[in-house]
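Enquirer: fold the following for me, if possible:
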Amino acid sequence: MELMKERFSKLLLGEDMSGGGKGVSSALALSNAITNLAASVFGETRKLEPMSPDRKARWVKEIGWLLSVTDHIVEFVPSQQNGTNMEIMVTQQRKDLHMDIPALRKLDAMLLGHLESFANPSEFWYVKRDAQDDEKSSKPNRNDEKWWLPTVKVPSEGLSDECRKWLQFQKESVNQVLKAAMAINAQVLSEMEVPENYIESLPKNGRASLGDTIYKSITEEQFDPLEFLMSMDLSSEHKVLDLKDRIEASIVIWKRKISHKDGKSSWSSGVSFEKRERFEERAETVLLIIKQKFPGIPQSALDISKIQYNKDVGYAILESYSRVIESLAFNVMSMIDDVLYADKKTRAEKANRRLSVDSFASEDPDRLSCTGTPSSKTLFEFMGWNQDLDTENFAEKNNKESYYKEDSDKIMSKPPPAVSTKRFSYLEKLEKLSGLRSPTARH
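Expert: Coordinates of the predicted model:
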C-alpha cells in the first residue's frame, strides 16, 4: 500500500516533488512511469530464461496499478432504458482503450509465457564475456559490439533438429507479438496531434527537408520504394534514424500544404495538389518499410515530440505500454536469433572440417587406407624407381601391361653390368639407399 501511495503521489505531482506546480503533465508522468517500470524490471533480461518470481510479481502488480487509470477514462454513449424509445446518455470506457488495453495485456502475458518456456534449455547455454575458459573463444557472438551480453554456446555438433524447429516456432510466435504491438503503437502515434513546437522547427518545403538527392528519387515519374531504400546508405542505426526523421518531416510538410491549399499561407507552394498527394503517399510507404525492416531503432524526432507534448492520458498509456511490449518482444527475438546464429556457425564449421578432410582424401587417396592408417607400398614405389622412367612412352601407351612389357624388354636387352668386388660398409649402403636412385641412375 505504501508503495502504491508513493507511485500515485509522483503522478499527481507531475514528478515535481517540490509541489511547486512545475511538474510535467499527467499524460507524460504516466508515460514515464510505465517506461521506467519496464526498464527496471526487464533491463536485466539478457538471457533466454524465465523472469524471477519477484520481478514478475512486481511487474504484474505495478503495471496493473498504472493501467487502472484507464478504467475511469470514459465517454458518453446513448442507451435505451427499460426497453422504451427514450434514450439516455450513459458512460462507458473509451472505445480505443476498451479494445487495445485487453489486447496489450494478452500480448504481455504471451511474452512472459515465451520466457517461461526457456526454463531448462538443454542444448544451449551462456558464458560470460570475460570468461577465461577455452570454449568462450571458439565462436564469436552475433552482436560482438554489445559487450555486456553473454555469449551463446551450443554443442559441437550443433542443435538437434527438434530443438531448432522449436526455436523457430518460438521466434515466429514472438514476431507476431512484435507486429501486433508495433501496429497499436503506430496507430496511437498517428492519432496524436503534431506539436506546434515541432512544426515551427520544420523547413518550408519537402526538398529542404529531404535534400536534393532523396527528393529527386521520391518525385521521379517511376518510383520503387524497395529500390529507393537499396540505393540509400543504411549501414548504421544513426543513418536509418536520420532518413526516418527526414521522411517524417516531409510528410508533415506536405500534409500541411494540402490542408492549406485553399488559403494563403506560408506553407503554400507551386506544386500541384495531386503531385503533392502522390509524394506524400510514397514517403509514407517508405516510412512503413523502414519501421518494419528496422523495428529496434530509437524513436524519431516526431515521435519524441508527440510523446512529450501529448495531453491525452489514454493515448499516453496506450503508447508507452505498447512501446515497452514492442521493445521486450524485439529483445527476445534478438536473443533467439543469437542462439540460431551460434548453431548455424557451428554446423558450418563442422561441414567445412568434413569438406577439408574429404578433399584431402580425394587429392591423395593412397595416403590413407579405409581404416584411416597409411596404406602399404610396394618395393618399387618405396625405392622410387619409377621417377626416372620414360614418361613420353607412358603417355603414348594406352595399355598398362604392354608398357611394362616393353620396358622390361629394354632392360633385359642391355649388357649385364660388371660385378664389382668392392665391399661396402653398412653406412655406405645406407647412404646409397637414402638417395632413392633407380638402377639405371646407379649405372
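
Enquirer: ok, and the residue most central in space within the chain, which helix or strand is that part of?
Expert: Closest to where the C-alpha atoms of the chain average out (C-alpha atoms, centre = their mean) is Ser334, at 5.5 Å. Using DSSP states H and E, Ser334 sits in helix 313-363.

Enquirer: quick one: that helix to chain centroid distance?
Expert: 7 Å (C-alpha atoms, centre = their mean, to the nearest Å).

Enquirer: just for this protein, where's the confidence low?
Expert: 21, 81-86, 129-146, 260-271, 355-443 (pLDDT under 70).

Enquirer: can you give me the strands for it?
Expert: 74-80, 87-93, 125-127, 151-153 (DSSP state E).

Enquirer: of these, which is nearest Lys22?
Expert: strand 74-80 (29.8 Å; C-beta to C-beta). (C-beta placed from N, C-alpha, C; glycine too.)

Enquirer: quick one: the helices in the stretch 1-150 of the chain?
Expert: Assigned by DSSP state H, counting those that start in this stretch, the helices in the stretch 1-150 of the chain fall at 2-12, 26-42, 53-67, 95-116.

Enquirer: number of nearby residues for Met1?
Expert: Using other C-beta atoms under 10 Å, Met1 has 5 other residues around it.

Enquirer: oops, could you answer that again for Glu157 instead?
Expert: 11.

Enquirer: surely it touches Lys350?
Expert: Yes. The pair Glu157 and Lys350 passes the contact test of C-beta atoms under 8 Å, sitting 6.9 Å apart.

Enquirer: which one of the strands of the chain lies closest to Val60?
Expert: Among those, the nearest to Val60 by C-beta to C-beta is strand 87-93 (21.0 Å).

Enquirer: ok, the nearest residue to Gln308 once chain neighbours are set aside - how many residues close by?
Expert: Closest residue to Gln308 apart from its sequence neighbours, by C-beta to C-beta, 6 or more residues apart in numbering: Leu28 at 6.5 Å. Applying other C-beta under 10 Å, we find 20 residues neighbouring Leu28.

Enquirer: what's the answer for Arg278, then?
Expert: If we define neighbours as other C-beta under 10 Å, then Arg278 has 15 of them.

Enquirer: hmm, back to that, between Glu157 and Lys350, which contacts overlap?
Expert: Counting by C-beta atoms under 8 Å, 6 or more residues apart in numbering, Glu157 and Lys350 have no shared contacts at all.

Enquirer: quick one: end-to-end length of stretch 200-213, please.
Expert: Using C-alpha to C-alpha, to the nearest Å, the end-to-end distance of stretch 200-213 comes to 24 Å.

Enquirer: circling back to that earlier point, which neighbouring elements make contact with the helix holding Ser334?
Expert: helix 26-42, helix 53-67, helix 95-116, strand 151-153, helix 161-191, helix 301-309 (3 or more C-beta pairs under 8 Å, 6 or more residues apart in numbering; DSSP states H and E).

Enquirer: export the helices of the stretch 1-150 of the chain to TSV and tack on distance to Asp312?
Expert: Below are the helices of the stretch 1-150 of the chain laid out as TSV (distance: least, C-beta to C-beta, whole Å):
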stretch	distance to Asp312
helix 2-12	15
helix 26-42	6
helix 53-67	16
helix 95-116	10
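
Enquirer: for those helices, which one ends up most surrounded?
Expert: Mean neighbours per residue, mean count of other C-beta atoms under 10 Å, is largest over those for helix 26-42, with a mean of 19.

Enquirer: does Leu302 really touch Glu193, like I thought?
Expert: No. Taking C-beta under 8 Å as the definition, Leu302 is not a contact partner of Glu193, at 11.4 Å.

Enquirer: which one of the two has more residues nearby?
Expert: The residue with more neighbours, out of Leu302 and Glu193, is Leu302; 21 against 11, by other C-beta under 10 Å.

Enquirer: for Asn197, see how far away the closest residue to that one other than its chain neighbours is.
Expert: In space, and not counting its chain neighbours, Leu302 is closest to Glu248: 4.5 Å by C-beta to C-beta, 6+ apart. Distance, Glu248 to Asn197, by C-beta to C-beta, to the nearest Å: 15 Å.

Enquirer: compare these two and say which is more crowded by neighbours.
Expert: Per other C-beta under 10 Å, whichever of Glu248 and Asn197 has more neighbours is Glu248, with 21 against 10.
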